[in-house]
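**Q** the sequence and its predicted three-dimensional model are supplied below.
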Amino acid sequence: MNPLVSALLTDLYQITMTYAHWKIGKHQDRGVYELFFRTNPFQGSFTIFCGLEECLQHFHSFSFSQKDIDYLKSSPALSHCEDGFFDYLKNLDTSDLKVQALKEGTVVFPRIPMLIIEGPLGLGQLLETTLLNLVNYPSLLATNAVRMVLAAKPAPCIEFGLRRAQGPDGACTASKYSYVAGFAATSNVQAGKSFGVPIAGTHAHAYVQAFSSLDEVETLEIVNKRTGNKEIFLPHVLKYRNPEANDGELAAFIAYACAFPDGCLCLIDTYDTLQSGLPNFISTAMALDDLGYEARGVRLDSGDLCSLSNACAKAFQEVQKSTGRESFGKLKIVASNDINEEFLYELKRKGHSISTFGIGTNLVTCQAQPALGCVYKLVEWNGEPKIKISNDLPKISIPSRKRVYRLFGRDGGPLVDYMAMASEEPPQVGDRVVCRHPFDTQQRLVCKPSIVILLHSTVFENGQIVTPVPPLEETRSSIQTELEKFPDSIKRYENPETYRMMVSLDLFDFLHKVWEQQAPIDEVE
């Protein structure tokens, strides 16, 4: 549980609104809120819902401590509030709260509620900011990560973003949810410990720069796997040394190989990738091979990653062909250096030999779009539907309690997400289901689903977590399985097809009736 996530992790106006409700006795009125977003990020056609685990922890632990109350009383903005209000906050808990949610990792689309909060009006208001904070970034990050995984296929991706992330919380959240979204590992050791994410990494340029002479490694020993005896490693390397390459760099590789003989992967662009780094690595890898070890490969962190990776692959193939060293056919080429989704597709178009991508800055900062833009809207108050009206059509909310179903076709692929009023009978397999766009009267659809799935389930009720979030590995697997069901046209990078989110005939009529009732009518003379 993150100690920063408490009842005070909210905007001041949530507390001032709650006080205003309390003053007139509305704080115990029943409210239904929905948390959703209006537009998919990264100019794409899908989003991955994440952050539910942190939300459930917050629901379960929500309370104001005496120190919290003392602080609020001391705040100039609240110093005039009556003592009874602070007593209300001190005794407030989530025993009267019911939360429905999508399954963690669900592929979700605009206007589909990610969370549905039902409870006292005051409590629902106090939860808003915290829930938005806990859902916005994990969902945005997971979506960014999934898109990069799709772009990099079949090469796996490793998250390298710790040093560039927005603080330790942002870094660990990025490590957790990039793994959930399909990244293979993280460089973040704390995330490895906290979440069980595999960790990966080798060395930096500073390590190579710390060596200047082969004299520094002349006594280093390594166990010869073929004989079981310890041997000085340097003479084995010198048999293959390229005299034109940098000796300090070679010394660094030798020292690293002795420290990690079964995991030797070297960064080769400190001085000159092809003239020094690559030949120095090949010398070291051949010596390791002589002693029964298999080097892991190289990392490229600058330059033309496409041409450099192809040159490395060609060199490894030549060594394998000329010497019969099978280990050189297994060497990996890892590439990093400000990689983003667009660059991944550019590399794919050009043709490269990169085995693994290390992605940091553009993943964890979500450089292409730094915020998802989730919103939290009241849709029902004391049984009365509520609507947010705007001149900006996407900002008009859909009132009242609703249920959302995913309808699948005969091929097992999703056809449409179908939103209906909570009082309606659910659509049935094989039925003729008429769907309408909530706002565009010209968009209509009739489908006969082969599978119908209700997207939301109760996850928290009566102060208790009803449905825990599955382990990371299970969510990670379910994301990949669900994505595979959607057509490539929705997942593609350029000009993706828009997935349909439509409403029932009853909900369409109800929405427009409430809209007309609440919208002001222009008068002209």
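**A** Received it, and whenever you're ready, just let me know what you need. What you are looking at is a predicted structure, and each value in this text was computed from that prediction instead of being measured. Residues are numbered from 1 along each chain as shown.
**Q** residue nearest the centroid of this structure?
**A** residue 142 (1.6 Å; C-alpha atoms, centre = their mean).
**Q** phi, psi of that one?
**A** phi -60, psi -40 (degrees, to the nearest 10).
**Q** please report the distance of it from residue 272.
**A** Using C-beta to C-beta, to the nearest Å, we find residue 142 at a distance of 39 Å from residue 272. (Each C-beta comes from the backbone N, C-alpha and C, glycine too.)
**Q** hey, where'd the strands end up in the stretch 1-150 of the chain?
**A** 30-36, 47-48, 98-102, 107-108, 115-120 (DSSP state E, counting those that start in this stretch).
**Q** could those strands go into CSV alongside distance to residue 242?
**A** CSV is the format used below for the strands of the stretch 1-150 of the chain (distance: least, C-beta to C-beta, whole Å):
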stretch, distance to residue 242
strand 30-36, 60
strand 47-48, 47
strand 98-102, 57
strand 107-108, 51
strand 115-120, 60
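**Q** right, and those strands - which one's nearest residue 282?
**A** Among the strands of the stretch 1-150 of the chain, the nearest to residue 282 by C-beta to C-beta is strand 47-48 (41.1 Å).
**Q** give me the contact list for the closest one.
**A** 37, 40-41, 105-109, 139, 142-143, 146, 181, 372, 479 (C-beta atoms under 8 Å, 6 or more residues apart in numbering).
**Q** over to stretch 514-525?
**A** Contacts of stretch 514-525 (C-beta under 8 Å, 6+ apart): 385, 387, 389, 396, 399-400.
**Q** buried ones in that stretch?
**A** 514-515 (16 or more other C-beta atoms under 10 Å).
**Q** quick one: end-to-end length of it, please.
**A** One end of stretch 514-525 to the other measures 27 Å (C-alpha to C-alpha, to the nearest Å).
**Q** and that stretch, average pLDDT?
**A** Stretch 514-525 shows an average pLDDT of 85 in the prediction.
**Q** and for stretch 40-49?
**A** For stretch 40-49, the mean confidence score works out to 97.
**Q** before we move on, what about stretch 354-362?
**A** Rounded mean pLDDT across stretch 354-362 is 98.
**Q** could I get the full set of strands for the stretch 151-300 of the chain?
**A** 157-159, 185-186, 221-223, 230-232, 265-267, 297-300.
**Q** out of those, nearest to residue 60?
**A** Short answer: strand 185-186, nearest of those by C-beta to C-beta, at 27.0 Å.
**Q** who are the packing partners of that closest one?
**A** strand 157-159, helix 167-180 (3 or more C-beta pairs under 8 Å, 6 or more residues apart in numbering; DSSP states H and E).
**Q** distance-wise, check residue 205 relative to residue 269.
**A** 8 Å.
**Q** over to residue 30?
**A** 62 Å.
**Q** so these two - more neighbours on which side?
**A** residue 269 (21 against 15; other C-beta atoms under 10 Å).
**Q** list the contacts of the closest residue to the more buried one other than its chain neighbours.
**A** Nearest non-adjacent residue to residue 269, counting by C-beta to C-beta, 6 or more residues apart in numbering: residue 302, 5.0 Å away. For residue 302, the contacting residues are 269, 273, 337, by C-beta under 8 Å, 6+ apart.
**Q** got it, and residue 155?
**A** So residue 155 contacts 354-357 (C-beta under 8 Å, 6+ apart).
**Q** determine which two of those are furthest apart.
**A** Among these, 355 and 357 lie farthest apart (C-beta to C-beta), at 8.8 Å.
**Q** identify the contacts common to those two.
**A** Joint contacts of residue 355 and residue 357 (C-beta under 8 Å, 6+ apart) are 155, 334.
**Q** neighbour count for those two, which is higher?
**A** A direct count of neighbours by other C-beta under 10 Å for residue 355 and residue 357 places residue 357 higher, at 25 against 19.
**Q** so the more buried one bridges to which residues?
**A** Residue 357 has these beta-bridge partners by DSSP bridges: residue 157, residue 335.
**Q** quick one: contacts for it?
**A** With C-beta under 8 Å, 6+ apart, residue 357 has these contacts: 148, 152, 155-158, 334-336, 339, 344.
**Q** go on, residue 60?
**A** 94, 460, 463-465.
**Q** hmm, who's touching stretch 482-493?
**A** 45-46, 105-107, 146-147, 150-151, 341-342, 345, 408, 412-414, 496-499.
**Q** ok, and what's touching stretch 255-267?
**A** So stretch 255-267 is in contact with 202-205, 207-208, 211, 216-217, 220-223, 233, 252-253, 277, 280-281, 284-285, 287-288, 291, 293-299, 301, 332, 334, going by C-beta under 8 Å, 6+ apart.
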